[in-house]
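> Mind looking at a prediction? Sequence and model below.
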Amino acid sequence: MERRLTDLLKVLFHPHDYFKILGRDRYKSLKIRIVLLDAMLSLVPLFIVVTISYFWFQHILKDDFRNQVKWQIENTEQSIEYFIDEKVSALRFLASSYSSDQLSDQKMLTDIFTKFEKEFSGLVDLGLIDANGIQQAYAGPYPLTGKDYSNQEWFNEVVVRNVYVSDVFMGYRRLPHFAIAVKKDCPEKRTFCILRATIDMKILKRFVSDINLRENDDVFIINHEGILQIPSRFHGDVLNKFKLPVLAPQRSVSVVDVKELDGSPAIFGYVPIRNSLWILAAVIKSTPYSRIPKIFRNELFLISILSVLISVVVTFLMAQTVVNRIKKADQEIEDAVAKTEQASKLASIGRLAAGVAHEINNPLAIINEKAGLVKDLLELSGDVKDKERLLALINGIFDSVNRCRTITHRLLGFARRMEITYEVIDLNDVIKEVIGFLEKEILFRNIRLELNLKEDLPKIEGDKGQLQQVFLNIINNAVDAVEEGGLIEVATKVRDNNTVLVSVRDTGRGIPKDKLKTIFEPFYTTKEKGKGTGLGLFISYGIMKKLGGTILVESEINKGTTFTVEVPIKVGAG
């Protein structure tokens, strides 16, 4: 493992030494190094962002859940407050609307209670209590007329406060309920009376049940001493003591983290109910937000994996592009160096060719003159033994001398860079003249020739003699490549406003792909030994470059070769 790590560090931080070891695999190694470095640089920020996002999202969910708990507690507390205020206002209205004598009348009180109950639901009974705490009149389902309430806490409180909402208590009926009492002064009698209405504890329980609870949650009402005013799911029945410590209630909803008696964590939310001694409390043990981070974590994991994959793919493509550009640049440098070397070679060949041609031409002239003299002597002499045979040999010497002159002329033309003479010419006519030179050989070898020369071809500015040499070399090579019965097609067309294309296609044996790059080099030939010098295409390519054009070649083994000559229409257009 340590050795692999060391090798990896060498790749990352000492690529030059590594490339020396790998040699030709340096581009592959460079690509891997780029991918690894970019992956490392992208994964670290991604990991940081994902980690921060996870904890940030968890914190937001927790705060959002707490806010929901606050909102539900606050809504329920406002509903209870509205219910109490409504009942207090109604009792005050009754106390101010009726005299103590009217309220003391049993029939009148029953009639008032019936009407009151229709308007305000939830009342159990209605009673009038005198200053001594004795209930003088009562409307309700229980026999409570004449009951003494002077010793009960709520009676003393209402005497002092004028209005009082009691805690839940059992009372004479032995059922949990609470009372709302309003004090009514009777100045004419120099006394007072109390109008009291009782409400079943189930009304409070109904308000609390509107809160959206889960199976582990508990919502209830307690007083300031922690006595349950309604039954609780997990913390006891009504009038039992709530065992968790209760902090001093604030005016707004408070939410704190607590631990249950069994040590399990919970959220404790509470708020005081205005105009009463009650506290609306909720113990929330369920944490639905804890499941969401797990889902979010899974999604983050998938997103991270996808991000890594996308990053790797993009990095790989980027590395591929960069390495290909580097490779292309290296190739261009190599090509430039090769062209420089080629130019140096050509300069050397040019100087050598000029010297060789000059040195050869002098002996060739002497040989030609001597052979001509021998021929003249033989023709002037009488009967000479084997005269015809000797004349044939002398003609062979002339042919060889002419062949050598052609080669030396080409060498001198290449070496001297003969000046170009521009004139307006018809390219179709140039091609027809070249075909005329080779027509007999084409017919003799039974080669099918097709000319597809575009009519109204624009005239061009060029050197007619040199263009003839180019087309002669290319078509002559096609004739040599095609077997008897083959096809040579010569076509001309206009490519654009600046260039005319001349294509020479044959059905010969073709040129291997690995040889296409070298066919324009000097002394390179695909012909049999003794049939070519290897200078024809080289010189033709040089001529076209001087004219501002070029020569392109396409070939496939056993299917043929196509040479395309791009000829500029005007000087400088190419």
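That came in fine, so what should we check first? Residues are numbered from 1 along each chain as shown.

> Backbone dihedrals for Gln229, please?
Note on Gln229: backbone dihedrals following degrees, to the nearest 10 are phi -90, psi -20.

> who's in contact with it?
By C-beta atoms under 8 Å, 6 or more residues apart in numbering, the contact list for Gln229 reads 167-168, 178, 201, 204, 220-223, 238-239, 278. The C-beta positions use only the backbone N, C-alpha and C, and glycine is treated the same way.

> Which two among these are spaced furthest apart?
With C-beta to C-beta as the measure, no two of the contacts of Gln229 lie farther apart than Phe178 and Phe220, at 14.4 Å.

> picking up where we left off before, which of the contacts of Gln229 are buried, as a ChimeraX select command?
Selection of buried members from the contacts of Gln229 for ChimeraX, criterion 16 or more other C-beta atoms under 10 Å:
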select :167,168,178,201,204,220,221,222,223,238,239,278
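
> from the contacts of Gln229, which single one is nearest Ile460?
Phe220 (105.2 Å).

> Near the residue nearest to Phe120 when sequence neighbours are not counted, how many residues? Count them for me, please.
Take Phe120 and drop its neighbours on the chain: the residue closest to it by C-beta to C-beta, 6 or more residues apart in numbering is Ala90, 5.5 Å away. Neighbourhood size, Ala90 [other C-beta atoms under 10 Å]: 17.

> Just list the residues touching Ala90, thanks.
With C-beta under 8 Å, 6+ apart, Ala90 has these contacts: 116, 119-120.

> Among those, find the lowest-pLDDT one for me.
Within the contacts of Ala90, Phe120 has the lowest pLDDT, namely 72.

> burial measure for that residue, as a count.
Phe120 has 16 nearby residues by other C-beta under 10 Å.

> my guess is it contacts Ile84, does it?
No: judged on C-beta atoms under 8 Å, Phe120 makes no contact with Ile84 at a distance of 11.6 Å.

> out of the contacts of Gln229, who's nearest Thr321?
The closest of those, once distances to Thr321 are taken by C-beta to C-beta, is Phe220, at 68.6 Å.

> Not counting residues beside it along the chain, what's closest to that closest one?
Counting by C-beta to C-beta, 6+ apart, the residue nearest Phe220 is Ser232, at 4.2 Å.

> mind checking pLDDT for the one you found?
In this prediction Ser232 is given a pLDDT of 88.

> Over to the one 5 residues further on?
Looking at Asp237, its pLDDT reads 89.

> May I ask you to confirm that it is in contact with Pro231?
Yes: Asp237 lies in contact with Pro231 (C-beta under 8 Å); the separation is 5.1 Å.

> Looking only at neighbour counts, state which of these two leads.
Pro231 (17 against 10).

> you'd agree that one is up against Val238?
Yes: with contact taken as C-beta under 8 Å, Pro231 and Val238 are classed as touching, separated by 5.1 Å.

> where along the stretch 351-500 of the chain do the strands fall?
423-425, 448-453, 460-462, 487-494, 499-506 (DSSP state E, counting those that start in this stretch).

> ranking those strands by burial, who's on top?
Of all these, strand 460-462 has the most neighbours on average by mean count of other C-beta atoms under 10 Å, namely a mean of 23.

> Sheet-wise, list the partners of that strand with their directions.
In the sheet, strand 460-462 lines up against strand 423-425 (antiparallel) (DSSP bridges).

> ok, and what's touching the partner strand?
459-464, 467.

> Widest-spaced pair of those residues?
Lys459 and Asp463 (13.9 Å).

> Comparing those two, which residue is more hemmed in?
Between Lys459 and Asp463, counted using other C-beta under 10 Å, the more crowded position is Asp463 (19 against 15).

> Would you agree that one is in contact with Val430?
No: counting by C-beta under 8 Å, Asp463 stays clear of Val430, with 10.2 Å between them.

> which neighbours do those two share?
By C-beta under 8 Å, 6+ apart, no residue touches both Asp463 and Val430.

> if we can go back for a sec, now that we have the strands of the stretch 351-500 of the chain, can you turn them into a markdown table and tack on distance to Lys184?
Compiled in a markdown table, the strands of the stretch 351-500 of the chain are given as follows (distance: least, C-beta to C-beta, whole Å):
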| stretch | distance to Lys184 |
| --- | --- |
| strand 423-425 | 130 |
| strand 448-453 | 125 |
| strand 460-462 | 125 |
| strand 487-494 | 118 |
| strand 499-506 | 117 |
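
> looking at the ones you listed, which is closest to Lys440?
So among these, strand 448-453 is nearest, using C-beta to C-beta, at 11.9 Å.

> helices or strands up against the helix or strand harbouring Val124?
Per DSSP states H and E, Val124 falls inside strand 123-130. Other helices and strands packing on strand 123-130, by 3 or more C-beta pairs under 8 Å, 6 or more residues apart in numbering; DSSP states H and E, are helix 100-104, helix 106-119, strand 135-139, strand 191-200.

> can I get the CA coordinates of the second one in PDB?
Same thing as helix 106-119. Written as PDB, here are the backbone C-alpha positions of helix 106-119 (Å, rounded to 0.1, in the frame of the first residue of the first chain):
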ATOM      1  CA  GLN A 106     -86.000  30.000  39.700                       C
ATOM      2  CA  LYS A 107     -88.300  30.200  36.700                       C
ATOM      3  CA  MET A 108     -86.700  33.300  35.300                       C
ATOM      4  CA  LEU A 109     -83.200  31.800  35.800                       C
ATOM      5  CA  THR A 110     -84.200  28.600  34.100                       C
ATOM      6  CA  ASP A 111     -85.600  30.600  31.100                       C
ATOM      7  CA  ILE A 112     -82.400  32.600  31.000                       C
ATOM      8  CA  PHE A 113     -80.200  29.500  31.100                       C
ATOM      9  CA  THR A 114     -82.200  27.900  28.300                       C
ATOM     10  CA  LYS A 115     -81.700  30.900  26.000                       C
ATOM     11  CA  PHE A 116     -78.100  31.300  27.100                       C
ATOM     12  CA  GLU A 117     -77.300  27.700  26.300                       C
ATOM     13  CA  LYS A 118     -78.700  28.000  22.800                       C
ATOM     14  CA  GLU A 119     -76.400  31.000  22.100                       C
END
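
> Mind giving me the packing neighbours of it?
helix 26-97, helix 100-104, strand 123-130, strand 135-139.

> circling back: report the rounded mean pLDDT for the strand holding Val124.
Averaging the model's pLDDT scores along strand 123-130 yields 90.

> Pairing partners for it, with directions?
Checking strand 123-130 against DSSP bridges gives partners strand 135-139 (antiparallel), strand 191-200 (antiparallel).

> could you dump those strands to a markdown table with mean pLDDT and distance to Ile366?
A markdown table is the format used below for the strands paired with strand 123-130 (pLDDT from 0 to 100; distance: least, C-beta to C-beta, whole Å):
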| stretch | mean pLDDT | distance to Ile366 |
| --- | --- | --- |
| strand 135-139 | 91 | 159 |
| strand 191-200 | 90 | 146 |
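
> I'd like to know which of those strands is closest to Ala478.
Here strand 191-200 is closest among the strands paired with strand 123-130 (C-beta to C-beta), at 116.0 Å.

> For the helix or strand following the closest one, list every residue counted as buried.
Once the chain leaves strand 191-200, the next helix or strand it forms, by DSSP H and E, is helix 201-209. Buried positions in helix 201-209, judged by neighbour count with 16+ other C-beta under 10 Å: 201-205, 207-208.

> same question, stretch 88-102
88, 90-92, 94-95, 98, 100.

> What of stretch 102-120?
Buried, per 16+ other C-beta under 10 Å, within stretch 102-120: 103, 105, 108-109, 112-113, 116-117, 120.

> Redo those residues as TSV? Include distance to Gly548.
Shown next, in TSV, are those (distance: C-beta to C-beta, whole Å):
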residue	distance to Gly548
Leu103	124
Asp105	129
Met108	126
Leu109	124
Ile112	119
Phe113	118
Phe116	114
Glu117	113
Phe120	108
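
> hang on, the earlier thing: out of the strands of the stretch 351-500 of the chain, which gets nearest to Val322?
strand 499-506 (35.3 Å).

> what helices or strands is the helix or strand following that closest one leaning on?
Later in the chain than strand 499-506, the nearest helix or strand by DSSP H and E is helix 536-547. With contacts taken as 3+ C-beta pairs under 8 Å, 6+ apart, helix 536-547 sits against helix 387-416, helix 464-481, strand 550-556, strand 560-568.
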